[in-house]
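*Asks:* Here's a sequence, model it:
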Amino acid sequence: MDFYRAFFGLILSFLIASCTNDTQDVEQVSATPMLYPLNEQHHARIVYSDSGINVLEIAAGIIQDFGNIDPPYVFFGRRLEVRFYNGEAISSTVLTADTARQQKKEDLWAIGGNVIVTNGKGEQMETELLYWDKANERIHSESAVQIKTDGQLIIGKGFEADQEFNNYRIFKVQGQITIDDE
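*Replies:* Coordinates of the predicted model:
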């Protein structure tokens, strides 16, 4: 009988010991993965409106929210299109690019790859990297830019503009610019 008590005690202590968890193991299993987005949307469209009137529309092939990473950001990929509206359903400016990354806290955007901005006047700007300060409604770039307007081609390195690309300044300008003497 003593043998069975000793054997049962040994088995019981083994089972109790094997059921306890190391707190590090529990924390590791419970931790939110840092390499995966909190959510992911395919063929997504986000519409911002004010008093029922569209102000801004963003469409992308994929949107991934990395709010679990410091600093938190949102990735837009597989082609991005941003439409800026000035009135009911009138798109005044369209921005297209391959990808974008929005810093969530500051609402600053880095937009890259085949960036094209076309305003309501038909002026078109092309660059490889553009920054958009959504809160202050400004865009700028330090990269090479090319602006096509009224049959003219203006090339520069860097620019800044309002987000609708109506008023802009180009830095380190090159190329031929025709000025009317009226």
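
*Asks:* Every contact and neighbour count from this point should use C-alpha atoms.
*Replies:* Will do.

*Asks:* Packing partners of whichever strand or helix holds Arg45?
*Replies:* Using DSSP states H and E, Arg45 falls within strand 39-50. In terms of contacts (3 or more C-alpha pairs under 8 Å, 6 or more residues apart in numbering; DSSP states H and E), strand 39-50 is packed against strand 53-66.

*Asks:* Tell me which strands the strand it packs on pairs with, and in which orientation.
*Replies:* strand 39-50 (antiparallel), strand 73-85 (antiparallel) (DSSP bridges).

*Asks:* which residues in this protein form helices?
*Replies:* For the chain, the helices defined by DSSP state H cover 2-19, 23-30.

*Asks:* Between the ones you listed, which has the poorest mean confidence score?
*Replies:* In terms of average pLDDT, helix 2-19 trails the rest of the helices of the chain, at a mean of 55.

*Asks:* sorry, back to before: gap between the strand holding Arg45 and the chain center?
*Replies:* The chain centre lies 12 Å from the centre of strand 39-50; the measure is C-alpha atoms, centre = their mean, to the nearest Å.

*Asks:* So for it, what gets flagged as buried?
*Replies:* Arg45 (16 or more other C-alpha atoms under 10 Å).

*Asks:* Now do Tyr73 against Leu35, distance only.
*Replies:* 12 Å (C-alpha to C-alpha, to the nearest Å).

*Asks:* Comparing the two, which residue is more hemmed in?
*Replies:* In terms of neighbours (other C-alpha atoms under 10 Å), Tyr73 is the more surrounded of Tyr73 and Leu35; the figures are 22 against 9.
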